[in-house]
Every structure is written in C-alpha cells, then in structure tokens.
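**Q** Structure, please.
(one chain, ligands or ions: 2)
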Amino acid sequence: MTIDLLIRDAEVFDGSGAPPRRADVAVDGDRITGIGSLRADARREIDAGGLALSPGFIDVHTHDDYAALVHPDMAFKVCGGVTTCIVGNCGLGAAPWPVAAFQARAFHPQHDLPEWDGYAGYLRQLDATPPSLNVGALIGHGTLRLGAMNNEARAPEPAEMERLRAGVREGLDAGAFGLSTGLIYDPGRHAKTDELIELTSELRGSGALYATHMRDEGTGLLESVREAIEIGERAGVPVQISHHKASGRDAWGLVHDSLGLIESAQARGVDVHADQYPYTAGSTVLAAVVTMLDAPDRKSGGRSENLVPADVVIATAAGHPEWEGRSIAELMPELGLDGPATCRHVLEHAPQTTVVMHSMDEADVQTVMRHPSTMIGSDGLPTPEGRPHPRLYGTFARVLGHYSRDLGLFPLEEAVWRMTGFAARKFGLSDRGAVREGAFADLVLFDPATVIDVGTFEEPNAYPAGIVHVWVNGVPVVSNGKHTHARPGRALRRTTALRDTTALRDTDAPRT
Ligand code: ZN
Ligand code: CU
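**A** Residues are numbered from 1 along each chain as shown. Ligands and ions are numbered 1, 2, ... in the order given. All right, here's what the predicted structure looks like:
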C-alpha cells in the first residue's frame with residue numbers, strides 16, 4: 001500500500017509535553033497513520049534530518065474572522081507554523097451581519113466584506129471558500145449586543161435579552177467553541193456581570209467556554225479576574241482569560257496575584273486558564289485607548305492603565321501612512337494639541353486607526369508565561385497592509401526561540417504543549433494538537449536551533465525564521481519556508497461535550 005507522505009527521522013514533539021523522540025511519521029489523506037520506525041511506500045518522502053516535528057500551532061486568540069476570507073492564504077499565520085485559528089475573540093464576532101462587517105472594517109478598510117446569515121452562515125462560507133488553515137469560531141458578545149440593542153449604556157430589556165440568548169444559541173448550534181466578551185469596548189463595557197452570567201449560562205453542558213477580554217487590565221486587574229471567574233463559576237462554564245497581563249506602570253506586578261486567583265479558583269474546581277502573547281506591548285483600536293489617556297482615574301469613568309502619549313504608537317491608519325509608526329507624543333507638537341486631542345484628530349481623519357501600546361513589564365510577561373495556566377495566543381490584528389504589531393507573524397516562533405531556547409523559561413516540549421495539546425484540550429478541538437496515530441495531520445517541521453521571530457515594530461511584516469514545512473489536514477501549505485498557496489483549511493465545529501473540568505485540571509502540567 002502506498003501512503004501519501006512519510007517524514008523520516010524527525011525529533012517528534014507529540015504536543016503532550018512529553019520529551020521528544022526520534023521517529024518517522026506517516027500521513028495518509030488528512031490523518032497521521034503511523035509513528036515509529038516505519039517502512040512504507042510513500043508518494044512523497046521528506047528527510048527531516050533530526051529537525052523538530054510537532055503538531056501545528058493553535059492560535060487560540062485571533063481576530064481573523066474576516067481575514068480568513070479576504071486573505072485566505074493566511075500567510076502571516078501559516079508561515080509561522082499556525083494551522084488552526086480561533087476567531088471571534090474580545091467580543092468581536094462574525095454575526096450578526098451587517099454589524100460584524102461594520103466592526104471588521106477596522107481591520108479591512110480596503111476590502112469588500114462578504115455577507116452571511118449567522119454563525120452557521122459564516123462557517124458555511126468557510127466551507128465554500130476555505131482558507132489555508134483551520135478556523136474555529138467564538139460567538140462575539142459585543143457584536144450580538146450591537147445588533148440587538150445598538151450601543152445602549154444600560155441593561156437589556158427582556159425582549160433584547162431574548163435576542164441575545166437566541167444569538168448565543170444560534171452560534172452554539174452552528175458549532176461555535178464558546179462566547180467571548182470585550183469589556184473595555186463599546187458595547188461590551190455596558191454589560192453588567194449579571195447579563196454575562198445569564199448569557200454564559202446558555203453554554204452550560206455544551207463543552208463551550210467563556211473567553212474574556214476583561215473590564216480592566218490595569219490597576220483593576222484583580223477585580224476583573226474575580227469577575228471572569230465568577231461568571232464561569234456561576235454559569236458552570238469553563239473560563240479563558242484573554243491576553244493575561246498587567247497593563248500600565250501602576251499595575252505592574254499584579255500578575256502574581258492574578259495568577260494566585262486563577263490557582264485558587266482551580267483548586268476549588270473551576271476550569272480557568274489564560275492565553276498570552278509574548279511581548280511587552282499590546283495593540284488595539286485607537287478609539288479604545290483615548291479614554292486611557294483621558295481619564296486615568298477609573299472612578300471618573302476612564303480606565304486604570306495610565307498610558308502616556310509616548311507609549312502609544314500608530315500602527316495602521318488608512319489613508320494616512322505618514323502617521324504609521326509614530327507615537328502620539330511625536331504628533332502632539334506638530335498638531336499643537338494635547339494627547340487626547342491628538343488622538344481625536346487622528347480618529348477624525350482615520351476612524352479605524354489601530355495602535356501599539358508599550359504598556360507591560362518584561363518580568364510580568366515571563367511570570368505569566370511560565371505559569372501552568374498559560375497557553376499561547378497571538379491576538380494579532382490582521383492588517384498586513386499597515387504596520388501591525390509583530391505578534392501577528394511572530395508569536396509562536398518567539399516563544400519557541402526567544403523564551404524557550406534563548407532564555408530557558410521552559411523546555412521546548414513544554415513550549416510546544418502550550419501552543420498545541422493544551423490549547424486543543426481547553427477548546428475541545430478533537431483529534432488536533434497531537435502527533436498521534438489517527439489525529440489530523442496538522443504538522444509543523446521546524447529547526448529548534450534557528451526558529452525565531454523576525455518582525456520588529458518598525459518592520460513587522462516578516463515571516464519567522466526556522467519554520468521549514470507546514471501541513472494542514474495532510475496538505476503542505478508551507479514547503480521549504482514558502483507558501484504553497486494550497487487552501488486545505490476547514491471550518492471546525494464543536495462536536496461533543498467532551499471536556500470535563502477535572503480532566504483538564506489534572507493534566508495542566510505537561511507530562512514529563
Ligand atoms: Zn482583547
Ligand atoms: Cu483580542
């Protein structure tokens with residue numbers, strides 16, 4: 001019998017956290033069919049020469065809902081070894097249309113955005129025009145709320161609540177992996193804890209999770225983590241804290257306590273984990289940052305991240321490339337305006353402007369990364385036309401090369417676990433995130449000695465080094481570092497309620 005592919009002599013990291021072992025890996029169709037010392041006739045044979053073979057990376061925190069359709073090659077992800085993206089984070093979801101398309105304009109100002117009906121329609125669109133990688137969706141609370149009741153700063157009326165619930169149910173029935181919130185953004189910030197518990201309760205028993213960009217990642221971090229845990233605990237649903245960090249100087253160091261809150265919640269049986277991108281700078285839309293400069297005192301309605309204008313650098317400003325790469329502090333004297341007024345001026349001319357905020361402490365980034373509750377998610381904003389935060393391209397290579405190999409934060413097998421097996425288990429992605437017989441052949445062959453992120457804040461649009469071959473569902477999408485233009489990705493749907501909280505908790509620590 002002739003199989004499709006035989007990868008010979010690889011250092012196999014199976015995604016479980018176990019140390020690597022030297023083996024051949026056989027692939028037939030879309031599945032891994034053998035691991036070991038293999039003899040087989042194969043249509044294609046690759047001599048790995050001892051390079052690392054691991055499950056394809058799972059980017060659990062993305063905003064690629066529309067990117068998967070308008071940039072279906074997804075080169076900024078697959079060339080870095082990513083084979084699956086979870087979209088719909090931070091409350092920004094793919095339905096209902098046209099609210100979803102309106103929000104997505106921030107990332108895709110110069111593209112026509114396609115139309116569909118609900119999450120079922122979105123996933124069918126991906127089925128019909130597949131991207132190069134797999135996509136699983138979260139239901140965006142903010143998008144649903146904007147569709148149900150515009151940007152009203154109040155609790156939903158009963159009829160509005162019914163529309164929100166119906167939206168959540170539609171997404172779940174379509175196969176979404178969870179519900180996400182963005183509680184610093186309009187309209188998510190108008191939602192009180194009770195509303196979120198009520199909606200999250202719709203997920204109970206389904207295996208889907210609650211993922212949250214919390215209300216305050218500054219000095220209010222601990223209250224935010226408590227709220228996230230309370231929502232999951234009272235709804236009886238697993239929790240994923242998005243991009244765990246302490247943002248703004250006054251908040252630095254709080255991650256020790258926020259990690260403590262996660263630990264104590266886990267100890268009483270709550271299924272709570274987090275994701276993180278490996279940088280000391282964040283990135284979002286400028287519109288969400290103005291308030292941070294405006295009113296540093298949270299009680300006055302502003303936020304507690306106390307950013308100064310020099311911390312905030314314009315990433316992508318449609319129609320104003322001359323602003324890209326420059327900080328608000330640099331623009332202030334030119335415009336003769338103060339920080340908030342400069343932001344408003346920029347927003348008047350380029351409403352969809354995105355920014356990079358240099359707001360975190362390196363020690364905190366490492367403290368969070370080392371913690372067993374943390375998996376990896378890029379939070380990349382898919383704006384390759386501008387100057388996006390380099391995390392869009394480099395997140396996974398940076399954890400492998402910089403944090404694991406160069407700084408020795410953890411062994412390579414643990415780095416791989418945090419971006420494959422751990423993520424697949426938390427999100428309930430069946431038969432992915434593992435190199436084992438019968439699993440889908442989402443694979444990446446990389447050189448542990450040279451893998452590294454290459455993009456910088458000045459020149460972010462660069463593919464990482466050391467990523468040699470990438471397969472999605474058995475099909476090569478990157479070959480010798482070059483995109484093959486194949487588009488074998490699939491719309492993933494939550495299949496069963498296969499997760500149970502204790503099972504995940506017991507296997508948090510990689511098996512070594
Ligand atoms: Zn976010
Ligand atoms: Cu995000």
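**Q** Spell out which parts of the stretch 101-250 of the chain neighbour ligand 1.
**A** Counting by CB under 5 Å from the ion, the stretch 101-250 of the chain comes close to ligand 1 at His213. Quick note: C-beta positions are derived from backbone N, CA and C, even for glycine.
**Q** Straight-line length of stretch 397-407, end to end?
**A** With CA to CA, to the nearest Å as the measure, stretch 397-407 spans 13 Å from end to end.
**Q** how far away is the residue most central in space within the chain from ligand 1?
**A** Most central in the chain under CA atoms, centre = their mean is His61, positioned 1.1 Å from the mean C-alpha point. To ligand 1, His61 is 8 Å away according to CB to the ion, to the nearest Å.
**Q** likewise Asp41?
**A** In terms of CB to the ion, Asp41 sits 49 Å off from ligand 1.
**Q** Around the nearest residue to that residue once chain neighbours are set aside, how many other residues sit close by?
**A** Of all residues not flanking Asp41 in the chain, Thr2 sits nearest, at 4.4 Å (CB to CB, 6 or more residues apart in numbering). The burial count assigned to Thr2 is 8, neighbours taken as other CB atoms under 10 Å.
**Q** Ser264 - how many residues pack around it?
**A** 12.
**Q** What is the helix or strand harbouring it packed up against?
**A** Assigned by DSSP states H and E, Ser264 falls within helix 255-267. When contacts are defined as 3 or more CB pairs under 8 Å, 6 or more residues apart in numbering; DSSP states H and E, helix 255-267 packs onto helix 221-235, strand 272-276, helix 362-370.
**Q** Next, format these as a markdown table and append mean pLDDT and mean neighbour count.
**A** Listed next are the helices and strands packed on helix 255-267 as a markdown table, based on pLDDT from 0 to 100; neighbours: other CB atoms under 10 Å:
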| stretch | mean pLDDT | mean neighbour count |
| --- | --- | --- |
| helix 221-235 | 98 | 21 |
| strand 272-276 | 98 | 26 |
| helix 362-370 | 98 | 17 |
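**Q** Any chance of the ones you listed in a markdown table with distance to ligand 2 as columns?
**A** Formatted as a markdown table, the helices and strands packed on helix 255-267 follow (distance: least, CB to the ion, whole Å):
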| stretch | distance to ligand 2 |
| --- | --- |
| helix 221-235 | 15 |
| strand 272-276 | 9 |
| helix 362-370 | 16 |
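**Q** For the stretch 201-350 of the chain, which residues are neighbours of ligand 2?
**A** Counting by CB under 5 Å from the ion, no residue of the stretch 201-350 of the chain is near ligand 2.
**Q** go with 6 Å
**A** Within the stretch 201-350 of the chain, the positions adjacent to ligand 2 are His213, Ser242 by CB under 6 Å from the ion.
**Q** circling back: quick check: angle from the helix holding Ser264 to helix 221-235?
**A** Interaxial angle, helix 255-267 versus helix 221-235 (axes from the mean of the first three to the mean of the last three CA atoms, to 10 degrees): 10 degrees.
**Q** could you dump helix 255-267 to CSV, C-alpha only?
**A** Taking C-alpha atoms only, helix 255-267 is exported to CSV below (Å, rounded to 0.1, in the frame of the first residue of the first chain):
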residue,chain,number,x,y,z
VAL,A,255,0.1,39.3,37.8
HIS,A,256,1.4,37.4,40.8
ASP,A,257,-1.9,38.0,42.5
SER,A,258,-4.0,37.4,39.4
LEU,A,259,-2.2,34.1,38.9
GLY,A,260,-2.9,33.4,42.6
LEU,A,261,-6.7,34.0,41.9
ILE,A,262,-6.5,31.5,39.0
GLU,A,263,-4.8,28.9,41.2
SER,A,264,-7.3,29.2,44.0
ALA,A,265,-10.2,29.0,41.6
GLN,A,266,-8.7,25.9,40.0
ALA,A,267,-8.2,24.4,43.5
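**Q** Outside of it itself, list whatever touches it.
**A** 221-222, 225-226, 229, 233, 241, 244-246, 272-274, 364, 367-368, 371, 373, 505, 508 (CB atoms under 8 Å, 6 or more residues apart in numbering).
**Q** as a whole number, average confidence for that helix?
**A** Helix 255-267 comes out with an average pLDDT of 98.
**Q** chain center to it, what's the gap?
**A** 21 Å (CA atoms, centre = their mean, to the nearest Å).
**Q** check contacts around Ser373.
**A** Leu259, Ile262, Glu263, Gln266, Val272, His273, Ala274, Asp508.
**Q** Stretch 337-357 and ligand 1, any residue contact?
**A** No: figure legend: stretch 337-357 not in contact with ligand 1 (CB under 6 Å from the ion); closest approach 11.9 Å.
**Q** hmm, which helix or strand of this structure has the shakiest average pLDDT?
**A** helix 501-506 (a mean of 46; mean pLDDT, DSSP states H and E).
**Q** Averaged pLDDT, the lengthiest helix in the chain. What do you get?
**A** In the chain, taking DSSP state H as the definition, the longest helix is helix 158-174. Helix 158-174 shows a mean pLDDT of 98.
**Q** Can you name every helix or strand that that helix contacts?
**A** Using 3+ CB pairs under 8 Å, 6+ apart: helix 158-174 touches helix 118-128, strand 139-140, helix 141-149, helix 193-201.
**Q** Buried ones in it, by neighbour count?
**A** For helix 158-174, burial by neighbour count (16 or more other CB atoms under 10 Å) applies to Glu160, Met161, Arg163, Leu164, Arg165, Gly167, Val168, Glu170, Gly171, Leu172, Ala174.
**Q** So this protein: which segments form each domain?
**A** Domain assignment for the chain by automatic domain parsing gives 2-55+432-456+463-487, 57-280+360-427, 282-358.
**Q** Quick check: end-to-end length of the longest one?
**A** To tie it back to what came earlier, the one meant is domain 57-280+360-427. 13 Å.
**Q** how far does that domain sit from the chain's center?
**A** Per CA atoms, centre = their mean, the centroid offset for domain 57-280+360-427 relative to its chain is 6 Å.
**Q** And for stretch 461-476?
**A** For stretch 461-476, the distance to the chain centre is 18 Å (CA atoms, centre = their mean).
**Q** Return the set of buried residues in it.
**A** Buried-residue list, stretch 461-476, by 16+ other CB under 10 Å: 461, 463-476.
**Q** Alpha carbons only: can I get stretch 112-130 in PDB?
**A** Taking Å, rounded to 0.1, in the frame of the first residue of the first chain, the C-alpha atoms of stretch 112-130 are listed here in PDB:
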ATOM      1  CA  ASP A 112     -15.300  44.300   0.300                       C
ATOM      2  CA  LEU A 113     -16.600  42.100   3.100                       C
ATOM      3  CA  PRO A 114     -18.800  39.100   2.300                       C
ATOM      4  CA  GLU A 115     -22.200  38.600   3.800                       C
ATOM      5  CA  TRP A 116     -23.800  35.600   5.600                       C
ATOM      6  CA  ASP A 117     -26.500  34.600   7.900                       C
ATOM      7  CA  GLY A 118     -25.400  33.900  11.500                       C
ATOM      8  CA  TYR A 119     -22.600  31.600  12.600                       C
ATOM      9  CA  ALA A 120     -24.000  28.800  10.600                       C
ATOM     10  CA  GLY A 121     -23.700  31.000   7.500                       C
ATOM     11  CA  TYR A 122     -20.200  32.100   8.400                       C
ATOM     12  CA  LEU A 123     -19.000  28.500   8.800                       C
ATOM     13  CA  ARG A 124     -20.700  27.500   5.600                       C
ATOM     14  CA  GLN A 125     -18.800  30.400   3.900                       C
ATOM     15  CA  LEU A 126     -15.600  29.000   5.100                       C
ATOM     16  CA  ASP A 127     -16.600  25.500   3.900                       C
ATOM     17  CA  ALA A 128     -17.300  27.000   0.400                       C
ATOM     18  CA  THR A 129     -14.100  29.200   0.200                       C
ATOM     19  CA  PRO A 130     -11.600  27.500   2.600                       C
END
